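Colleague: missing the sequence, but the structure's below:
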């Protein structure tokens, strides 16, 4: 966990962060032009939350959240993918 000053924290996601992460992910897709109606599908939410839970402890995935005064305001996901060169 890193502190960015008063009330600002950058940290790895925890199980209880699933809904905040999903809210931010939905916001990202809407900002990129995905129709909100597509994201209202319960199957989409269920699949995203399932992925989140399955990858929280994956050593090749990092789900990071930024908090300001205890509120999750941003997220990032990084995944190591091994590719064959060339």
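Modeller: Perfect, I can see it now. Bear in mind that the values here come from a model prediction, so they are computed numbers and not experimental data.
Colleague: Could you use CA atoms for every contact and neighbour count after this?
Modeller: OK.
Colleague: hmm, which helix or strand of this structure has the shakiest average pLDDT?
Modeller: In the chain, the helix or strand scored least confidently by mean pLDDT, DSSP states H and E is strand 2-3, which has a mean of 62.
Colleague: partners of the helix or strand following that strand, with directions?
Modeller: Counting by DSSP states H and E, the element after strand 2-3 in chain order, helix or strand, is strand 8-12. Sheet neighbours of strand 8-12, with direction, are listed as strand 2-3 (antiparallel), strand 61-68 (antiparallel) (DSSP bridges).
Colleague: Give me the distance between the spatially most central residue of the chain and residue 36.
Modeller: The residue lying closest to the centre of the chain (CA atoms, centre = their mean) is residue 21, at 4.3 Å. Distance of residue 21 to residue 36, given as CA to CA, to the nearest Å: 17 Å.
Colleague: Over to residue 63?
Modeller: From residue 63 to residue 36 the distance is 23 Å (CA to CA).
Colleague: The two: which has the busier surroundings?
Modeller: Shown here are residue 63 and residue 36; by other CA atoms under 10 Å, residue 63 has more neighbours (19 against 13).
Colleague: Which residues are in contact with the nearest residue to the more buried one once chain neighbours are set aside?
Modeller: Once its chain neighbours are removed from consideration, residue 63 has its nearest residue in residue 77; the separation is 4.6 Å (CA to CA, 6 or more residues apart in numbering). Residues counted as contacts of residue 77 (CA atoms under 8 Å, 6 or more residues apart in numbering) are 61, 62, 63, 64.
Colleague: For the first one, give its distance to residue 52.
Modeller: The gap separating residue 61 from residue 52 is 10 Å, by CA to CA.
Colleague: Tell me which of those two has more neighbours.
Modeller: Neighbours per residue (other CA under 10 Å) separate residue 61 from residue 52, with residue 52 holding more: 20 against 14.
Colleague: Which element, helix or strand, includes the closest residue to that one other than its chain neighbours?
Modeller: Counting by CA to CA, 6+ apart, residue 18 is the residue found nearest to residue 52 once chain neighbours are left out, at 6.9 Å. Per DSSP H and E, residue 18 falls inside helix 18-31.
Colleague: Lovely, talk soon.
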